[in-house]
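J.: just need the structure, nothing else, for what follows:
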Amino acid sequence: MNIKEAIPERFSREIFTKIIDWIDGKPERFDELMVVFFEGDSRKNQHTANIMSDCIHRWPFLLTPYIEKMLLNLEQDNLHDAIKRNTVRVLQDIAIPEELHGLAVDTCFKYLSNHDEAIAIRVFSMTILFNLSKLYPELKSELKFLIEEQLPYQSPAFKNRANKILKAL
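T.: Purely as a prediction, here's the structure:
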């Protein structure tokens with residue numbers, strides 16, 4: 001299968017499912033998907049991000065070789081929300097390698113503190129920061145401050161996650 005050609009310009013759950021079934025946890029096939037994720041055009045990047053997220057949910061081990069590149073990718077300006085959202089979504093559920101903790105913290109604090117970011121991006125970033133605060137307790141006070149500062153003005157989804165994290169902090 002040629003992944004780049006298979007990914008449609010418009011959303012198609014049927015085609016996405018066929019691609020995910022074809023990948024079937026095979027790293028070499030997932031590699032082909034990630035080439036499009038990092039190098040494809042905007043629409044294909046967005047669709048690839050959704051497929052990537054579903055693949056990682058099924059086969060988390062596939063993400064390991066891409067963690068650093070994904071974090072570095074988040075530093076790009078004008079990155080589409082679908083790319084950011086799906087990237088931080090998968091990163092919230094994995095153990096980020098120690099050498100990338102600083103980059104993850106910087107990126108997630110930037111997203112969490114930016115009121116213009118989509119709620120999902122901010123909520124997933126909050127979770128990554130909470131996970132890392134277990135290793136770096138000094139992050140807790142800044143995370144708590146940012147959450148409490150924003151809490152009164154946020155959506156129910158933000159408040160739900162924020163209250164759970166505040167309770168756990």
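J.: break this protein into its domains for me.
T.: Here the domain assignment for the chain is 1-94, 98-169, based on automatic domain parsing.
J.: from the chain's centroid, how far away is the host helix or strand of residue 132?
T.: Element membership for residue 132, per DSSP states H and E: helix 119-133. Distance of helix 119-133 from the chain centroid (C-alpha atoms, centre = their mean, to the nearest Å) equals 10 Å.
J.: that helix packs against which elements?
T.: Identification of packing neighbours for helix 119-133 by 3 or more C-beta pairs under 8 Å, 6 or more residues apart in numbering; DSSP states H and E yields helix 81-91, helix 101-113, helix 139-150, helix 156-168. For the C-beta atoms, the positions are set from N, CA and C on the backbone; glycine is no exception.
J.: show me the one of these that comes nearest residue 74.
T.: Taking C-beta to C-beta, helix 101-113 is the member of those nearest to residue 74, at 5.0 Å.
J.: returning to that earlier point: return the most buried member of the helices and strands packed on helix 119-133.
T.: Mean neighbours per residue, mean count of other C-beta atoms under 10 Å, is largest over these for helix 81-91, with a mean of 22.
J.: rank the domains of the chain by pLDDT, which is bottom?
T.: Among those, domain 1-94 carries the lowest mean pLDDT, at a mean of 90.
J.: any idea how far it is from the chain center?
T.: With C-alpha atoms, centre = their mean as the basis, domain 1-94 stands 10 Å off its chain's centre.
J.: what do you get for stretch 154-169?
T.: Remark: stretch 154-169 is offset 18 Å from the chain centroid, using C-alpha atoms, centre = their mean.
J.: for stretch 136-144, same thing?
T.: For stretch 136-144, the distance to the chain centre is 21 Å (C-alpha atoms, centre = their mean).
J.: now that stretch - C-alpha only, PDB.
T.: Taking C-alpha atoms only, stretch 136-144 is exported to PDB below (Å, rounded to 0.1, in the frame of the first residue of the first chain):
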ATOM      1  CA  TYR A 136      10.200  16.900  39.100                       C
ATOM      2  CA  PRO A 137       8.200  18.200  42.100                       C
ATOM      3  CA  GLU A 138       9.400  21.700  41.500                       C
ATOM      4  CA  LEU A 139       7.000  21.900  38.500                       C
ATOM      5  CA  LYS A 140       4.000  21.400  40.800                       C
ATOM      6  CA  SER A 141       3.800  25.000  42.000                       C
ATOM      7  CA  GLU A 142       3.900  26.500  38.500                       C
ATOM      8  CA  LEU A 143       1.500  24.000  37.100                       C
ATOM      9  CA  LYS A 144      -0.900  24.600  40.000                       C
END
